[in-house]
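Participant: After the sequence you'll find the predicted model.
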Amino acid sequence: MATLTEMIDSLNLSEATLTALRTAEGTTFQAAANEFLSALVNKICYQVLETAKFSNQFADLKKFDIEYGATLENVFVEIPEGYDYNKDNTDPFDTPTPTVQTLYVSINKERQYRARVNKDLIKRAVLSISGMTSLVDLIVTSLGKAADIEDYAATLTMLNNTDCFAGGQVETVDLSALATDAEKYKQITATIVDTATSFTQPIASNNNLGVLNPTAEGDVLLIIRREIYNHINLDYLAGVYNLAKVDLVKRIKVVETFQYDSDDNDIDLIVCDASGFDLHTALNDNGQIYNPANRTFNIFQDRWGVFGFKRWANCKAFKFTLTSN
């Protein structure tokens with residue numbers, strides 16, 4: 001246990017105050033004693049260590065991990081067309097060859113995150129050894145959060161590639177002629193429901209490659225800007241036009257914007273096949289190096305990965321014009 005002298009020294013009181021504590025009497029001593037007590041009460045007695053809380057909502061779309069330098073080959077076999085039976089056909093080998101689409105993807109994001117921690121400064125910033133360990137752990141965690149945020153941004157950036165969309169373009173829908181907001185957002189919801197319904201049918205125009213590839217109902221995914229989503233779910237949009245009541249659209253992800261590094265909103269929502277995402281982690285590890293010369297820890301986090309979307313998967317993007325220019 002610390003002695004009284006050590007306790008007083010730890011308060012870093014002025015020399016004048018310390019002299020008063022040792023020698024003064026009466027009112028002078030009483031005033032100094034109050035200052036001593038005030039400083040003692042105001043010493044930090046407990047620390048709460050926190051860091052930012054963020055969860056990448058696209059993480060559930062990630063598939064298996066791949067090796068560092070591997071190239072991934074995706075193969076899609078198209079549905080063949082039938083033909084009329086010909087009883088006079090004597091050539092058993094005269095049959096159409098199945099059309100096969102191939103997509104190759106490799107690592108397209110290699111990022112590293114770094115923090116430098118001075119051992120002596122860390123010791124002064126905490127109250128105990130466990131506090132120092134917890135603080136360093138939070139610093140390591142923060143590097144992982146930085147990687148998560150960039151994975152989120154990379155997914156949004158990938159979704160801005162028109163090669164993902166049916167027809168290779170964002171569909172623009174002009175709703176400015178409708179009189180009320182209720183009518184406009186009702187039409188937006190109708191567009192979502194109609195698109196999601198059509199995805200479950202074998203319709204070639206629903207994907208970029210123009211192939212017959214219906215989407216399973218559970219894989220219909222809506223990614224929508226927050227502003228649009230909140231209007232759709234207002235109480236005045238009753239019945240089927242409330243997305244929370246639309247059974248077909250079971251998976252919804254709300255984003256602030258599709259332009260992560262810009263204020264321009266070129267896309268309001270995307271309806272897509274969740275199985276079309278080609279997201280893979282190739283490297284996710286961390287390490288640290290201690291430099292005894294300046295007593296610092298250099299902490300590193302590496303996150304490499306693949307971000308892509310299969311062009312034979314159904315995907316449509318929409319931009320709505322709500323007011324006339």
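Facilitator: It's in. Numbering: from 1, shown residues only.
Participant: what residue ranges in the chain score low on pLDDT?
Facilitator: Along the chain, the parts satisfying pLDDT under 70 run over 1-49, 94-96, 125-127, 129, 131, 233-250, 260-265, 325.
Participant: got the domain boundaries for it?
Facilitator: Here the domain parsing of the chain from automatic domain parsing is 4-41, 55-114+143-325.
Participant: how near is the closest residue in space to Thr155 that isn't next to it in sequence to Leu156?
Facilitator: Among residues not flanking Thr155 along the chain, Phe58 sits closest, at 4.5 Å (Cβ to Cβ, 6 or more residues apart in numbering). The C-beta positions use only the backbone N, C-alpha and C, and glycine is treated the same way. Counting by Cβ to Cβ, to the nearest Å, the gap from Phe58 to Leu156 is 8 Å.
Participant: circling back: can you give me the neighbour number for the residue nearest to Thr155?
Facilitator: 20 (other Cβ atoms under 10 Å).
Participant: quick one: it and Arg251 touch, right?
Facilitator: No: the criterion here is Cβ atoms under 8 Å, and Phe58 misses it with Arg251 at 11.5 Å.
Participant: Spit out the residues that contact the two alike.
Facilitator: Both Phe58 and Arg251 lack any common contact, where contact means Cβ atoms under 8 Å, 6 or more residues apart in numbering.
Participant: Surely Asp302 touches Leu283?
Facilitator: Yes: with contact defined as Cβ under 8 Å, Asp302 counts as touching Leu283 (5.4 Å).
Participant: Could you name every residue contacting both of the two?
Facilitator: Common contact partners of Asp302 and Leu283 (Cβ under 8 Å, 6+ apart): Glu110.
Participant: Could you single out the most deeply buried of the domains of the chain?
Facilitator: Neighbour counts (mean count of other Cβ atoms under 10 Å) averaged over each of the domains of the chain peak at domain 55-114+143-325, with a mean of 16.
Participant: what helix or strand does Val193 sit in?
Facilitator: Per DSSP states H and E: Val193 is located in helix 181-199.
Participant: Which neighbouring elements make contact with that helix?
Facilitator: Using 3 or more Cβ pairs under 8 Å, 6 or more residues apart in numbering; DSSP states H and E, the elements in contact with helix 181-199 are strand 171-174, strand 220-225, helix 226-232, strand 269-273, strand 315-321.
Participant: And these: which comes nearest Thr180?
Facilitator: Nearest of the helices and strands packed on helix 181-199 to Thr180, taken as Cβ to Cβ: helix 226-232 at 11.7 Å.
Participant: can you state the direction angle for the helix or strand following the closest one and strand 220-225?
Facilitator: Next helix or strand after helix 226-232 toward the C-terminus (DSSP H and E): strand 251-255. Orientation check (axes from the mean of the first three to the mean of the last three Cα atoms, to 10 degrees): strand 251-255 against strand 220-225 gives 20 degrees.
Participant: Neighbouring strands of strand 251-255 in the sheet, and parallel or not?
Facilitator: Partners of strand 251-255 in the sheet, by DSSP bridges, are strand 220-225 (parallel).
Participant: Run the chain-centre distance for the strand it pairs with.
Facilitator: Computed by Cα atoms, centre = their mean, to the nearest Å, the chain-centroid distance of strand 220-225 equals 14 Å.
Participant: now do stretch 74-94
Facilitator: 45 Å.
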